[in-house]
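Asker: let me see the structure of the following:
(one chain, ligands or ions: 1)
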Amino acid sequence: MYPRPFEYRAVTTVDEALRVLHEVEDGKVLAGGQSLLPLMKLRLASPGVLVDISGIPDLSYIRPQGENAVEIGSLTTHDTVAHSALLQERCPILPAAARGIADQQIRNRGTIGGSSCHADPASDLPPTLLALDAEFSIVGPKGSRTVPAKEFFVDLFETQVQRDEILHHIQVPTLGPQWGWSYTKFNRREGDYPIVGVAILVRLDSHGRRLEEVRIGLAAVNPTPCRARAAERFLQGQEISPAILKEAAHRSTEGLHPGSDMHGSSQYRRDMVQVFVRRGLEEAVTRARLAGGNP
Ligand SMILES: Cc1cc2nc3c(=O)[nH]c(=O)nc-3n(C[C@H](O)[C@H](O)[C@H](O)COP(=O)(O)OP(=O)(O)OC[C@H]3O[C@@H](n4cnc5c(N)ncnc54)[C@H](O)[C@@H]3O)c2cc1C
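Answerer: You can find the predicted model right below:
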């Protein structure tokens, strides 16, 4: 199907984009177009004006913010995230999640900002950014503001970014040597959206025996990407053992309401969350022990 007629405005600066969004009533930002254009063709979205920000050079970058963080411009493509040496060194879970998105053509066009603002609960980057406690910097007519990941994703396909605002960049932390990570995407075919996605970060004590901090981000199990808070709370401070990790996997489905579709029933998704949380915790603990010199 063809989209409904729309006006196309290509902008080259953030100020120009904000001006156009402010002037028009039903404008919508276009970044990589990999989610918005299919929606328009299906007529599930019919903006009057497409404000194409893909030509704004200042929004595509990955740079260090001191020693403790990395800043990623919203127009940075999945492919650039997947191959960033800086992210690989400081925050390797993010390139790992980006590498599994769709296919090469989509990774060349799709952006981290677009994926975040689209807020599809079955996407790979949002649960990873949630587990990282990332910070989202939004610019609009009233200036700029920073929103923590736990507040950014509001509802199904809805975020804190308002109609006349733009997501400018995302900040993620540098993971030190006591951190381990794992990103698991369970799907049937390479490049499909996850049936279940599990992003895990663990921080161990200096002996590699105790879990100081655990963060578990989940995709495709609730209307928004979410954290498995009950399992996180249970694991904090625990001595690592197979029984503890199994019990945490069991608790990771508390508060989840996954839908059923052709890829799997609600119960199947809950079962898969438990399987992949347990495996993900084991993998993350192994990585943390190796990184901390406690194999
Ligand atoms: C066949 C196919 C398979 C896919 N498979 C996967 C997958 O396995 N995993 C996965 O995670 N994703 C998948 N995707 C989605 C892909 O990752 C998209 O790139 C991403 O969801 C949207 O990024 P985009 O830059 O293309 O955004 P666009 O499509 O341009 O925009 C998406 C939405 O975000 C808004 N927006 C974009 N950028 C900004 C900004 N800076 N500020 C404010 N609003 C903004 C737009 O207005 C729009 O509402 C797939 C897509 C396709 C077509």
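Asker: please enumerate the strands of the protein.
Answerer: 7-10, 27-30, 49-52, 62-65, 69-73, 135-140, 143-148, 153-155, 158-159, 166-173, 179-186, 196-204, 211-219, 226-227 (DSSP state E).
Asker: near the ligand, which residues of the protein are found?
Answerer: Residues of the chain lying near the ligand by CB under 6 Å from any ligand atom: 28-36, 38, 74, 101-102, 106, 109-111, 113-115, 117-118, 123-125, 161, 166-167, 192-193. Where C-beta positions appear, they are placed from N, C-alpha and C, glycine not excepted.
Asker: just put the strands of the chain in TSV and tack on mean neighbour count and mean pLDDT.
Answerer: Supplementary listing: the strands of the chain in TSV, determined by neighbours: other CB atoms under 10 Å; pLDDT from 0 to 100:
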stretch	mean neighbour count	mean pLDDT
strand 7-10	14	97
strand 27-30	22	97
strand 49-52	19	98
strand 62-65	14	98
strand 69-73	21	98
strand 135-140	20	98
strand 143-148	12	98
strand 153-155	16	97
strand 158-159	16	98
strand 166-173	22	98
strand 179-186	23	97
strand 196-204	27	97
strand 211-219	24	98
strand 226-227	20	98
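Asker: distance to H257 added to those strands, as JSON lines?
Answerer: As requested, those are arranged in JSON lines below (distance: least, CB to CB, whole Å):
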{"stretch": "strand 7-10", "distance to H257": "39"}
{"stretch": "strand 27-30", "distance to H257": "29"}
{"stretch": "strand 49-52", "distance to H257": "34"}
{"stretch": "strand 62-65", "distance to H257": "35"}
{"stretch": "strand 69-73", "distance to H257": "31"}
{"stretch": "strand 135-140", "distance to H257": "25"}
{"stretch": "strand 143-148", "distance to H257": "23"}
{"stretch": "strand 153-155", "distance to H257": "13"}
{"stretch": "strand 158-159", "distance to H257": "17"}
{"stretch": "strand 166-173", "distance to H257": "27"}
{"stretch": "strand 179-186", "distance to H257": "18"}
{"stretch": "strand 196-204", "distance to H257": "14"}
{"stretch": "strand 211-219", "distance to H257": "12"}
{"stretch": "strand 226-227", "distance to H257": "10"}
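Asker: noted, bye for now.
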